[in-house]
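Peer 1: next come a sequence and a model predicted from it.
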Amino acid sequence: MLRPLTNNHAIHAVVRDDSVESAGYQGKPTPNQWFGGPELTTNSPIFGRTITIEEGSMVLRDASGVIADSLNYGSLVDPWAAEGYQAASGAKQSGCFAPAPNATLQLWSIVASPIAINTSAGRFPDGADTDSNCADFLAQAAATLSTSSPAGATNIKVSSVEGFIAGQKILIDSGANLEDAIIAAVGTAGATTIRTATGVGDTVLHAENVTGFSKGQRITIDSGANAERAVVSSIRERAATITIAAPLARAHAAGVQTSGSGISLTAALTRPHAVGAQVSNDVPTPGAPNQYHRGNH
């Protein structure tokens, strides 16, 4: 700190930086309450891990200290606070928790993009409480652009297509560069460039990243007359390699794009958007009923 504090502050008081515009809720109206709280470390006897933006537990108590409500988000961090299904032997389920809308984007953003803003988990229908974290909470569908999109583009490449459906209005980018579009068709995620040139017969692509790609996915390598289709056989995340099921029929230079089919739009974009720009299907609505698309989840 540049100078000593002038006032006393209670433990767990909220610490905020009003100049930060790349994280959290950024819209209007402004929230009417902010929450602080302890960060429990890996030595915590209660949770055994750090509570982060990706996962944690929250408990609401009344004035007398009696628990009125509780939830886990992102994972089953604290089972006693998780309302609903608590797993059963052989079920291959870990129990009920609310979604953490920033989890996937947060992990990817370490190398490629800003953390998602204007995404949240909330009860839907607004205020519904069936005592099940699985059933009561939804989050906006959110992704980031895997490659830049010029003005006039009718297809965008995204880090994830989960939660997006044809006919849906989506929001692309933020601030002054925000625009909306209508989805014509939803394809597959992922877009990257290859780090090294490939030759005819090669089956391994050395990529800049493999975010969004999956085994069995059909991808397009290169563009124009030199484009060819391939099927992903396997992904190696640490090595950032994509192995394809059949040998390449053409040679490809370093730096060419490899991508899924992305999201197609009903009309051309009016603005250019940089790699990492956010794509979502709803925004938080403080002071008004929550808005989500349950059919997407």
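Peer 2: Received, thanks. Numbers count the residues shown, from 1 in each chain.
Peer 1: what about Ala189, neighbour count?
Peer 2: By other Cβ atoms under 10 Å, 24 other residues sit near Ala189. (Each C-beta comes from the backbone N, C-alpha and C, glycine too.)
Peer 1: could you say which helix or strand holds it?
Peer 2: Using DSSP states H and E, Ala189 sits in no helix or strand.
Peer 1: can you tell me how far the residue lying closest to it once chain neighbours are set aside is from Thr130?
Peer 2: Spatial nearest neighbour of Ala189, chain neighbours left out: Gly212 (3.4 Å); criterion: Cβ to Cβ, 6 or more residues apart in numbering. According to Cβ to Cβ, to the nearest Å, Gly212 stands 33 Å off from Thr130.
Peer 1: the more surrounded of the two?
Peer 2: Neighbours were counted for Gly212 and for Thr130 using other Cβ under 10 Å; Gly212 has more, 24 against 11.
Peer 1: re earlier: how close does the residue nearest to Ala189 get to Gly127?
Peer 2: Note on Gly212: its distance to Gly127, by Cβ to Cβ, is 34 Å.
Peer 1: per-residue pLDDT, the residue nearest to Ala189?
Peer 2: Gly212 is assigned 91 on the pLDDT scale.
Peer 1: what's the answer for Ala240, then?
Peer 2: You'll see Ala240 listed with a pLDDT of 93.
Peer 1: would you confirm that Gly95 contacts Tyr85?
Peer 2: Yes: in this structure, Gly95 is within contact of Tyr85 by Cβ atoms under 8 Å, at 6.1 Å.
Peer 1: just for this structure, where's the confidence low?
Peer 2: 1, 21-24, 35-53, 86-94, 101-117, 294-297 (pLDDT under 70).
Peer 1: can you list the domains in it?
Peer 2: If you go by automatic domain parsing, the domain ranges for the chain are 56-139, 143-187+262-280, 191-259.
Peer 1: adding distance to Tyr292, write those domains out as a markdown table.
Peer 2: Compiled in a markdown table, those are given as follows (distance: least, Cβ to Cβ, whole Å):
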| stretch | distance to Tyr292 |
| --- | --- |
| domain 56-139 | 4 |
| domain 143-187+262-280 | 9 |
| domain 191-259 | 23 |
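Peer 1: tell me which of these sits nearest to Pro289.
Peer 2: With Cβ to Cβ as the criterion, Pro289 lies closest to domain 56-139 of those, at 4.0 Å.
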